[in-house]
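J.: A structural model of the following input is requested.
(chains A and B)
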Amino acid sequence: MYKNSAPKRTGIYRVKGDINDFQLELKLRHVSEWLPVPKFEYTGAKIEYADHYPETASSSGWSDCFIFVPYEDQYGNNYYTYYNYYNPGSDYPSSSIRTTSRSSRPTSRTSRSNSSLHSLRSLRSYPSTSLSSYPSSYPSSYPSSLFSNSQSDFITYQQQELPSDDTEFQIQNPELCSGATANVCISWQQKCFSREEVERYSDPKSCQTSLQRRYQRWTRGIVELQQRHQERLQYVEYRQRVRRRRHNKSSRSSRSKSSPLSDLSLDELPPLPEDPDFATRTCLIHTLIDADLRELAPGDPRLPDEAHELLQQGCQLMYVYAQLQEDTLLLSLRYDPTMELLYVYPDFSLSVEDMEYVVQINNDCRQLYAYGFENVTVVNVLDQQLEQMQAYIGPIGPLQLNLDPEILDLPLVLDSLPGSETSAEQLVNYYQQQRCSGSVQRRLLQFQQPPKRMRRVVFLLQLHEAQHFEYPNIHVRYYVNPPAHTILEPGNPRDPFPLRGATSTCVGGGADRVALFSHCWQLTLLCEESYQPDQLLHIYFEVISIDRWQRERCEGYAHFACSLLAPLPASVVTGLRLQCIRPMGTWLDALNRYFIGGRSLFDFVGYFKSRSCGNALHSRMELEREHVMRSTGTLIFSMQKVQQRHQPYGYHLIREHSDDDDDDGQFSHEPKATISTTLQEVMAAYVEARDRIAALLGKSSEES
Amino acid sequence: MAEVHIIGQLLKAVDFDEPHLYCKWSFQSGNTWRLVQGEVQGQTHVSSHRLQNSSDFAQPIDIHLSTASLQGWPRLLVEVYAVNVLQQCWPVGYGFVHLPARPGPHRLEINTWRIAPSTWWQSVKEKFGGGSPALHKNDLLYSGVERYKLQTRSSGKIIVELNLIFRRFEEYGVEFK
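T.: Got it, this is the predicted structure:
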């Protein structure tokens, strides 16, 4: 079967999101081995033969029939050769080209029988399997032998002269040669090793650079995989040998009773253990990635022609090869980070199952391999309605909408660019559409970063319960006073007072019975990196009771302050008990509070501020009676804090590769480029590093 | 996109007066939070207790969330309902808790409250198992404007055990401290 390859063209895609999420699935299989079909040519009557010679098979009427075998050399010249039908060793006397072609290509002799011998070669991994024991029912995609049984000597003759490299390929890839499909899933810049690389990196002494050392660690897994497979094959072979020996013993003793089919059933090979991942083990598919290319010298033969220039331009490259009879480039990928374009040559198949691309290797006979690859990064189709809905979602989150997360969570979108035949209006509409969808995508895919040289601090506050106040039916009002030079990021833009609020009123709770509030709120602030630690976030609580006549009474005030950037104490995270206080007042105030109620005007913010900032000492003996306080009930309050520094966007794309300990900056040139180095940032980084070292030293001294 | 795995269970309800309870739970979060896998809301079976004032639920929770922002940190809302012999049910507890901002195992105690009866008849009805008032709109659970006008009464507690796994937060410069 001959299959035409699909036309190859370069696919250009715009990448939205993380290119490291890109994945493709590749399938490769052996289609057929094209053997030139022999044709018989009658050369006429052999008048030179004398009549008295006895007529033999070779000298009968078939002796003047020759097999016509055309072939093509490496320069594209067409040759042909005639072989005698009964005696292939003797050729057509008039075929003058034959001798030249066979001497120039020593493996050409074997081309005549490669098709019939492929199935034999595929069994070379079983050393004990003889030629005659090869079952006809063994699954194989190869065409049956073109020669009849009477030419078994010819087959044997050809088998003895099999080229070593071709046989080696059959031994190394028995699954592929027996018709199995190699299936691999390759991520962006994923390294797949070739056999030479596995051999090269197997010796730790030859690995000098960190990349080579990393490869040396990674190739251990492949070597172990190959060893396990070899052990499994040896075990199968051993079982078969034992079984045959037992059968021979039993057949000698009861030869007359044995059925004629017993030999056939015995000689059948056990089925090969299915290994869907054989491409990894056999190193059939291997890749040349950006890190490899950067290590290669410009004149290295392994470096593709255009790779050096493209690397100079800042592109990321990736080449996928198949290690067939010769190393074959299947596809090349190029990513331009500045334009966010991905070039794929040849373009993606519509379906990986189609395997529409054909690789033709012109060896002694023509080997045809089919392959296909498909972008398996989830996405590609964003429903227009969904986009519009996302654009107008507003404050309603996807959790409430219950949208399909598979559609929403699009890590990577590859958009096909319009073709050259599109009109200007279509182009304008296309790019306008792209911009609209891009804003939605950016909002969904990019993590919200604080502005440069700023920090985002998120406080998760919760008021749990209150108790031991004088009157029940209490509720708590809170007031947040953020420090200077901070910016509030309101979670709900419609909230007119984001810095203050109140809990619900707990009927009957707060005095003898505990008042459970379970009130949560979130506060998000932006502050400068060089934040002064003496500037604190203040939260003031005011506990108020309301009786059945709707009379309000102040039950107490509490205050909590914390630093924006310093770690919180563990007690604050689990739950801090705040002691509330209120002005003691005079006996007249007490009577007024009991009979009339109402709240007297008291500047509790100023009171707490003077206590914390002015170091003012308040006692019961001082003259200003409004500053004489008495303790009332308690509040249980907890707080959690999350901080976010400004991280240059794109840094994480590269840092995923540098998770190894001995990574000495293989990929670090790009993050370094993205980090802007103003003087203030250098100073901020220095201060932060010093803080961290101080924290580390403090911890170590505590431990010691 | 940073990711959060929430794995745990809604363990039990304690200190509730009613003997037959079940619990509805849901995670509330901001616009930038998205559900990747799992269920963000659920409902337990009806658990009855007689001797100990504790209803065991052991409702598993396994959620995978992703987020593009710290705004709208998830909160767990629990609503406890009581069931009587006539198969009538009414809410006996509402409670909120923030998802802990540190990875690892956490045991959360969610204090709950219920709507206080505003009339004498409602008090009698509640006392004799005829049900208690419920919120007409669930928006009142979240709104903080003049919230003190909402009359509540302390109820029991819900015990929740959660194991949290945070992923890729450090790549965006997020620190939990």
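J.: Give me the nearest residue to A:Ser504, chain neighbours excluded.
T.: Leaving aside its chain neighbours, A:Ser504 sits nearest to B:Leu150 (4.0 Å; criterion: C-beta to C-beta, 6 or more residues apart in numbering or on different chains). Where C-beta positions appear, they are placed from N, C-alpha and C, glycine not excepted.
J.: ok, longest strand in chain A?
T.: strand A:629-645 (DSSP state E).
J.: Packing partners of it?
T.: Strand A:629-645 is packed against strand A:454-467, strand A:536-546, strand A:552-563, helix A:570-574, strand A:576-583, strand B:174-176, with contacts defined by 3 or more C-beta pairs under 8 Å, 6 or more residues apart in numbering or on different chains; DSSP states H and E.
J.: Just want the phi and psi numbers for the residue nearest to A:Ser504.
T.: Dihedral angles of B:Leu150 (phi, psi; degrees, to the nearest 10) stand at phi -80, psi 120.
J.: Spatially central, which residue of chain B would that be?
T.: What sits nearest the mean C-alpha location of chain B, by C-alpha atoms, centre = their mean, is B:Val78, with 1.6 Å.
J.: for that one, what are its contacts?
T.: By C-beta atoms under 8 Å, 6 or more residues apart in numbering or on different chains, the contact list for B:Val78 reads B:Leu10, B:Cys23, B:Lys24, B:Trp25, B:Gly93, B:Tyr94, B:Gly95, B:Phe96, B:Ile110, B:Thr112, B:Ile158, B:Val160.
J.: among those residues, which are in strands?
T.: B:Leu10, B:Cys23, B:Lys24, B:Trp25, B:Gly93, B:Tyr94, B:Gly95, B:Phe96, B:Ile110, B:Thr112, B:Ile158, B:Val160.
J.: ok so, going back, where does the residue nearest to the centre of chain B land on pLDDT?
T.: pLDDT for B:Val78: 94.
J.: and the gap between it and B:Glu126?
T.: For B:Val78, the distance to B:Glu126 (C-beta to C-beta, to the nearest Å) stands at 20 Å.
J.: With A:Ala180 instead?
T.: According to C-beta to C-beta, A:Ala180 and B:Glu126 sit 72 Å apart.
J.: Can you list the residue ranges for strands in chain B?
T.: Along chain B, counting by DSSP E, strands occupy B:2-14, B:20-28, B:33-38, B:41-43, B:47-48, B:54-67, B:75-83, B:89-98, B:104-115, B:151-167, B:174-176.
J.: ok, back up a step: quick one: average pLDDT of the longest strand of chain A?
T.: On average, the pLDDT along strand A:629-645 is 91.
J.: Domains in chain A, by residue range?
T.: What automatic domain parsing lists as the domains of chain A is A:11-30+A:179-375, A:33-161, A:454-645, A:672-704.
J.: which of these has the lowest average pLDDT?
T.: Ranked by mean pLDDT, the domains of chain A end with domain A:33-161 at the bottom, a mean of 45.
J.: So for A:Arg645, which of the strands of chain B sits nearest?
T.: Nearest to A:Arg645, of all the strands of chain B, is strand B:174-176, at 7.3 Å by C-beta to C-beta.
J.: buried set for the closest one?
T.: Residues B:Val174 are the ones in strand B:174-176 that count as buried (16 or more other C-beta atoms under 10 Å in any protein chain shown).
J.: and A:Gln212, how many neighbours?
T.: If you count neighbours by other C-beta atoms under 10 Å in any protein chain shown, A:Gln212 ends up with 16.
J.: the bottom helix or strand of chain B by mean pLDDT?
T.: When each helix and strand of chain B is scored by mean pLDDT, DSSP states H and E, helix B:139-142 comes last, with a mean of 75.
J.: can you tell if that one touches chain A?
T.: No. Helix B:139-142 lies out of reach of chain A by C-beta under 8 Å from any C-beta of the partner chain, never closer than 9.0 Å.
J.: Show residues contacting that helix.
T.: With C-beta under 8 Å, 6+ apart, helix B:139-142 has contacts from B:Gln28, B:Leu77, B:Tyr94, B:Phe96, B:Leu135, B:Leu150.
J.: In CSV: the residues you listed, plus neighbour count.
T.: Converted to CSV, the contacts of helix B:139-142 look like this (neighbours: other C-beta atoms under 10 Å in any protein chain shown):
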residue, neighbour count
B:Gln28, 21
B:Leu77, 21
B:Tyr94, 24
B:Phe96, 21
B:Leu135, 14
B:Leu150, 19
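J.: Just name the closest of the residues you listed to B:Gln88, please.
T.: B:Leu135 (17.0 Å).
J.: what is the rounded mean pLDDT of the biggest helix by length in chain B?
T.: Counting by DSSP state H, the longest helix found in chain B is helix B:120-127. For helix B:120-127, mean pLDDT rounds to 83.
J.: Contacts (any at all) between chain A and it?
T.: No. Residues of helix B:120-127 contacting chain A under C-beta under 8 Å from any C-beta: none, with a closest distance of 10.6 Å.
J.: The residue nearest to the centre of chain B bridge partners, please.
T.: For B:Val78, the beta-bridge partners are B:Trp25, B:Gly95 (DSSP bridges).
J.: who in the stretch 101-250 of chain A is up against chain B?
T.: Within the stretch 101-250 of chain A, no position is near chain B by C-beta under 8 Å from any C-beta.
J.: which other helices and strands contact the top helix by length along chain A?
T.: Longest helix of chain A, by residue count under DSSP H: helix A:210-253. Secondary-structure packing of helix A:210-253 (3+ C-beta pairs under 8 Å, 6+ apart): helix A:195-200, helix A:262-267, helix A:278-282, helix A:290-295.
J.: CA atoms only: put the shortest one into CSV for me.
T.: Okay, so that is helix A:278-282. Included here for helix A:278-282 are C-alpha records, laid out as CSV according to Å, rounded to 0.1, in the frame of the first residue of the first chain:
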residue,chain,number,x,y,z
PHE,A,278,7.3,1.2,23.8
ALA,A,279,8.3,4.4,22.0
THR,A,280,9.8,5.8,25.2
ARG,A,281,11.7,2.5,25.9
THR,A,282,13.0,2.1,22.4
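J.: ok so, going back, looking at the helices and strands packed on helix A:210-253, which is buried most?
T.: Comparing the helices and strands packed on helix A:210-253 by mean neighbour count (mean count of other C-beta atoms under 10 Å in any protein chain shown), helix A:278-282 comes out on top with a mean of 21.
J.: now for it, which elements pack on it?
T.: Checking 3+ C-beta pairs under 8 Å, 6+ apart, helix A:278-282 ends up next to helix A:174-177, strand A:182-187, helix A:210-253.
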